[in-house]
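**Student:** Just need the structure, nothing else, for what follows:
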Amino acid sequence: LALLASAAAPLSAEVIKPSARKPAPDFSLPGRDGKPVRLSSQKGKVVLLDFWATWCTGCKVEIPWFIEFDKAYRAKGLMSIGVSMDDEGWKTIEPYLKKNPISYTIVAGNFEASDPYGVTALPVTVLIDRAGRVAAKHVGVVQKRSFEAELKQLLAECR
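**Tutor:** Got it, this is the predicted structure:
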């Protein structure tokens, strides 16, 4: 059983040194109100960018953590964006959100937005620093404590 648990453990990422970070690929995607959400307009904030879907089991594990982090750190400069990769977009997302409210920004994603981030499976969570650079990328379910430590580290960095 322990072997099975360790085999299923998600990949972990460490925060990339600021000098080695690359600019986050920009996108503009429709939010719940139909207005576009542009990633590049979030500069100055640490962005938790989560690629997820309503059918993704691992995503459903993480989302409550991300809601918790968003509430705890929004006032300190965190912007959380959930990019839903559901094929039918808002037709699928809206009923899901009515049953499972998410307090942070949700947008309807597409492959043009996800491909530059190397999304081939879900979930994928990317941390973007205040300068708009990719600071960490997690493939699979994040480790809650270490992920929160990464968030705190990025929030503490100078602008």
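
**Student:** use CA for all of it now, contacts and neighbours both
**Tutor:** Fine.

**Student:** Contacts for stretch 44-54, please.
**Tutor:** Stretch 44-54 has contacts (Cα atoms under 8 Å, 6 or more residues apart in numbering) with 59-60, 77-86, 92-93, 96, 114, 119, 122-132, 151, 154-155, 159.

**Student:** For the chain, which residues score under the pLDDT cut-off?
**Tutor:** Scanning the chain for pLDDT under 70 picks out 1-13, 159.

**Student:** What are the boundaries of the strands in it?
**Tutor:** Secondary structure of the chain (DSSP state E): strands located at 22-23, 28-30, 36-38, 46-52, 78-84, 105-108, 124-128, 133-139.

**Student:** okay, those in JSON lines with distance to residue 147 and mean neighbour count next?
**Tutor:** Listed next are the strands of the chain as JSON lines, based on distance: least, Cα to Cα, whole Å; neighbours: other Cα atoms under 10 Å:
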{"stretch": "strand 22-23", "distance to residue 147": "20", "mean neighbour count": "14"}
{"stretch": "strand 28-30", "distance to residue 147": "25", "mean neighbour count": "17"}
{"stretch": "strand 36-38", "distance to residue 147": "24", "mean neighbour count": "16"}
{"stretch": "strand 46-52", "distance to residue 147": "10", "mean neighbour count": "25"}
{"stretch": "strand 78-84", "distance to residue 147": "13", "mean neighbour count": "23"}
{"stretch": "strand 105-108", "distance to residue 147": "19", "mean neighbour count": "23"}
{"stretch": "strand 124-128", "distance to residue 147": "9", "mean neighbour count": "24"}
{"stretch": "strand 133-139", "distance to residue 147": "9", "mean neighbour count": "22"}
